[in-house]
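1. Give the three-dimensional model of this entry:
(2 chains)
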Amino acid sequence: GQQLNQSPQSMFIQEGEDVSMNCTSSSIFNTWLWYKQDPGEGPVLLIALYKAGELTSNGRLTAQFGITRKDSFLNISASIPSDVGIYFCAGSNSGYALNFGKGTSLLVTP
Amino acid sequence: DAMVIQNPRYQVTQFGKPVTLSCSQTLNHNVMYWYQQKSSQAPKLLFHYYDKDFNNEADTPDNFQSRRPNTSFCFLDIRSPGLGDAAMYLCATSFTTGLYGYTFGSGTRLTVV
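-> Numbers count the residues shown, from 1 in each chain, chains lettered A, B, ... in the order given. Down below sits the predicted model:
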């Protein structure tokens, strides 16, 4: 599958700070998805994006589908300790397989 | 609640001893997937079923097999586990394609000793 480049690899922030992470691809996607994985659990879908330029929010989370269709961004505002986990981006092109990034590990200190 | 359930959560198996991981779903989704996730890596698709149609990824080792006896259940069989097969195995489902995302189970952490 196509490799997605996700950055940063890890982040260590203080509670209350805003967080930004992004994902880029050499190929275009029709759908961008953002998942969160808690330790020892399966990924949970946070936000799905279906249109270039689309900006979608889910509580304190906001994600954007890049205009070029080759990138996506996830922002978390006013982080809290339960935001700790690994955040994965994934791209889809109508097929069954999702192409995942390697994840951004987020640590939040009180 | 509709969900994807994986059993067991943790599995320890001996090198070379066949092992089976199970997944069940109450979502009535058509597609079921098995992903392998090694530490600090992205999940990697092994294969998927659309209904009873089996689709193997080209780079999935022959050591990995799958069965889907009915809509609700799907099994991952590892015929001769090696140390390199130690990983988290994630089952996921989707109604149709991956366009709308998957619902994942909690995973089975496999240790090979």
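
2. what ranges do the strands span in chain B?
-> Secondary structure of chain B, counting by DSSP state E: strands at B:4-7, B:10-13, B:19-25, B:31-37, B:44-50, B:53-56, B:64-67, B:73-78, B:87-94, B:103-104, B:108-112.

3. out of these, which comes closest to chain A?
-> Closest to chain A of the strands of chain B is strand B:103-104 (Cβ to the nearest Cβ; 3.4 Å). Where you see a C-beta, it was placed from the backbone N, CA and C, and this is true even at glycine.

4. Residues of chain A that sit close to chain B?
-> A:1, A:4, A:30-31, A:33, A:35, A:40-45, A:48, A:50, A:88, A:90, A:92, A:94-98, A:100-103 (Cβ under 8 Å from any Cβ of the partner chain).

5. Among these, name the ones in strands.
-> Residues of the residues of chain A next to chain B located in strands (DSSP E): A:4, A:31, A:33, A:35, A:44, A:45, A:48, A:88, A:90, A:92, A:100.

6. For ChimeraX, write the select line for the buried members of those residues.
-> Selection of buried members from those for ChimeraX, criterion 16 or more other Cβ atoms under 10 Å in any protein chain shown:
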select /A:4,31,33,35,45,48,88,90,92,100
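
7. buried ones in stretch A:62-78?
-> Of the residues in stretch A:62-78, A:62-66, A:69-76 count as buried by neighbour count, 16+ other Cβ under 10 Å.

8. just to revisit the earlier point, reformat the strands of chain B as a markdown table; add distance to chain A.
-> Formatted as a markdown table, the strands of chain B follow (distance: least, Cβ to the nearest Cβ, whole Å):
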| stretch | distance to chain A |
| --- | --- |
| strand B:4-7 | 8 |
| strand B:10-13 | 9 |
| strand B:19-25 | 11 |
| strand B:31-37 | 6 |
| strand B:44-50 | 5 |
| strand B:53-56 | 7 |
| strand B:64-67 | 14 |
| strand B:73-78 | 14 |
| strand B:87-94 | 5 |
| strand B:103-104 | 3 |
| strand B:108-112 | 7 |
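
9. Mind putting the ones you listed into CSV with distance to residue A:26?
-> Supplementary listing: the strands of chain B in CSV, determined by distance: least, Cβ to Cβ, whole Å:
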stretch, distance to residue A:26
strand B:4-7, 31
strand B:10-13, 37
strand B:19-25, 32
strand B:31-37, 22
strand B:44-50, 19
strand B:53-56, 24
strand B:64-67, 28
strand B:73-78, 31
strand B:87-94, 25
strand B:103-104, 26
strand B:108-112, 32
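
10. still on that earlier bit, farthest-apart pair in the ones in strands among the residues of chain A next to chain B, please.
-> A:4 and A:44 (18.5 Å; Cβ to Cβ).

11. If residue A:92 is in a bridge, with which residues?
-> residue A:31 (DSSP bridges).

12. swap in residue B:12?
-> Under the criterion used (DSSP bridges), residue B:12 bridges to residue B:111.

13. who touches the lowest-mean-pLDDT helix or strand in chain A?
-> None of the helices or strands of chain A scores lower by mean pLDDT, DSSP states H and E than strand A:99-100, at a mean of 92. Residues external to strand A:99-100 that are found in contact with it (Cβ atoms under 8 Å, 6 or more residues apart in numbering or on different chains): A:1-4, A:25, A:29, A:88-92, B:42-43.
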